[in-house]
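>>> structure, please.
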Amino acid sequence: MRKTNWVLAAFLMMSSAVSAQQKGFDYKFYGQIRTDIFYNSRDNTQSVDGLFYMYPMDKSLDPNGKDLNGADNSNMYAVYSRLGVDVAGPDLGSIKTSAKVEFDFRGNGNDNLSVVRLRHAYLNLDWGKSKLLVGQTWHPFYGEVAPQILNLNMGAPFQPFGRAPQLRYRYNEGAFQLTAAALWQSQYKSYGPTEKDGSGNSRVQQFHKNSNVPELSLGVDYKANGWIVGAGVDMLSIVPRTQAIGKDGVTYPYQVNERLTTLSYEVHVKYTGHDLYVAAKSVLGSNMTHLSMTGGYGISGEDAQTGERDYTPFRNSSTWFNIAYGKKWRPALFVGYMKNLGTSDELVKPVYGRDEKYGTGQSLEQLLNTTVELTYNLPNWKFGAEYAYCTAWYGDQFDAKYKATDSHSVGNHRLVLTALFTF
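Numbering: from 1, shown residues only. Okay, here's the model as predicted:
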């Protein structure tokens, strides 16, 4: 709480000091007060205590055959209220300079709520046709094409969702835009083993930090007459472990050289005009759990002496479609579909350690989510209601690449009510 008070005090001091800043700076302070009430008909995979909703959890039956995950739940939060400032700085010769800082109060995880969290913090150098951004902002796979819905997951796990520290370069030539970025993980991290014997399944900083290779992203867009059409490719390289337990046991860990490098792809389209918004995106992803997607990776080989492992990624195909129409009254429809394609190579059972797979949602065969909403919009105000039904098919039997050959389904009804004031 003390940390929150200090940040708010600093923000207010910045506001009162604007008039004292040197010539050449221009500031625009902005923010929102947002309140969400939600209801779910069963337990779900989620974060922020249910505000960031993903998909329904599988059935877990007690000795009487009753579903332990079948209880409904609801809550109300205002933690996605936010404050920010856009800064236009003095020119550096022919280079225009700008910056942004923005934070909200959602904290991290499910229990650390109402705590200040950094959303965006970057500087931007603009040469006209080309721009260089340095700092934290949206991942390029989130990009300029994202669903316009009330749910705070913004379409995840069908839509890549995450922000990252990055160096991002953009070049514009006519209607074409080229984007190249090098990224590092911070708040949104990959999964991996947390112990030398390969056990554990956690999201911690070390898997990408030990890689010493930034995530690399390249994309191209065509923008004209309200249309955006584009595609992107992303490379991620992580190091699950630097030490492993081999045949000598826990007393003698071995230094190992483990690495998993994956490629992911996406295509997108968006049209905005005449009160109409239509957008769609399709992603073929490998180990994209750091972008709020399902998947991860498993073990495809193991050295009998040292315990060093080879890994193979889970591949997922996801597609979403979103349409909205109107200004004051604005109905909208969102449909998302995800298919688990299994791993690239066959999985093996490890000799040393317990885990074979790292990530989330790997027992899913497919997901289907349909969302309808209606918002009432006034200057600075938005009121909305949204209903979503998500069906998750969980595998009962799997082949050697952990692709489901038989499955069953569970579904969740979700209702969200939102009031939003922007300034």
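
>>> if I look at A304, how far off is K196?
Distance check for A304 against K196: by CB to CB, to the nearest Å, it reads 17 Å. The C-beta positions use only the backbone N, C-alpha and C, and glycine is treated the same way.

>>> the two: which has the busier surroundings?
A count of neighbours by other CB atoms under 10 Å puts K196 above the other of A304 and K196, at 19 against 10.

>>> list the contacts for that one?
With contacts defined as CB atoms under 8 Å, 6 or more residues apart in numbering, the neighbours of K196 are R241, Q243, A244, I245, V250, P253.

>>> would you format those residues as JSON lines with distance to V416 included?
Shown next, in JSON lines, are the contacts of K196 (distance: CB to CB, whole Å):
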{"residue": "R241", "distance to V416": "40"}
{"residue": "Q243", "distance to V416": "45"}
{"residue": "A244", "distance to V416": "45"}
{"residue": "I245", "distance to V416": "46"}
{"residue": "V250", "distance to V416": "48"}
{"residue": "P253", "distance to V416": "48"}
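
>>> for the residues you listed, point out the one with the lowest pLDDT.
Within these, the minimum per-residue pLDDT falls on V250 (64).

>>> chain center to stretch 310-326: distance?
11 Å (CA atoms, centre = their mean, to the nearest Å).

>>> which one of the contacts of K196 is nearest S344?
Taking CB to CB as the measure, S344 sits nearest to R241 out of those, at 19.7 Å.

>>> and the nearest residue to that closest one once chain neighbours are set aside, what does it touch?
Nearest in space to R241, with sequence neighbours left out and distances taken as CB to CB, 6 or more residues apart in numbering, is E258 at 5.2 Å. With contacts defined as CB under 8 Å, 6+ apart, E258 is in contact with V239, P240, R241, T242, A244, E308, R309, D310, Y311.

>>> biggest separation within those, which pair?
In these, the most distant members under the criterion CB to CB are T242 and D310, with 15.3 Å between them.

>>> before we move on, back to that, secondary structure class for the residue nearest to R241?
Local secondary structure at E258 is given as coil here, using DSSP: H, G, I helix; E, B strand; the rest coil.

>>> show the backbone phi and psi for it.
phi -100, psi 140 (degrees, to the nearest 10).

>>> direction included, what does the host helix or strand of F334 pair up with?
Element membership of F334 [criterion: DSSP states H and E] is strand 329-343. Next to strand 329-343 in the sheet, as set by DSSP bridges, lie strand 309-325 (antiparallel), strand 364-378 (antiparallel).

>>> including neighbour count, secondary structure and distance to Y53, could the contacts of K196 go into CSV?
Putting those into CSV (neighbours: other CB atoms under 10 Å; DSSP: H, G, I helix; E, B strand; the rest coil; distance: CB to CB, whole Å) gives the following:
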residue, neighbour count, secondary structure, distance to Y53
R241, 25, coil, 32
Q243, 15, strand, 37
A244, 24, strand, 37
I245, 22, strand, 38
V250, 10, coil, 40
P253, 18, strand, 40
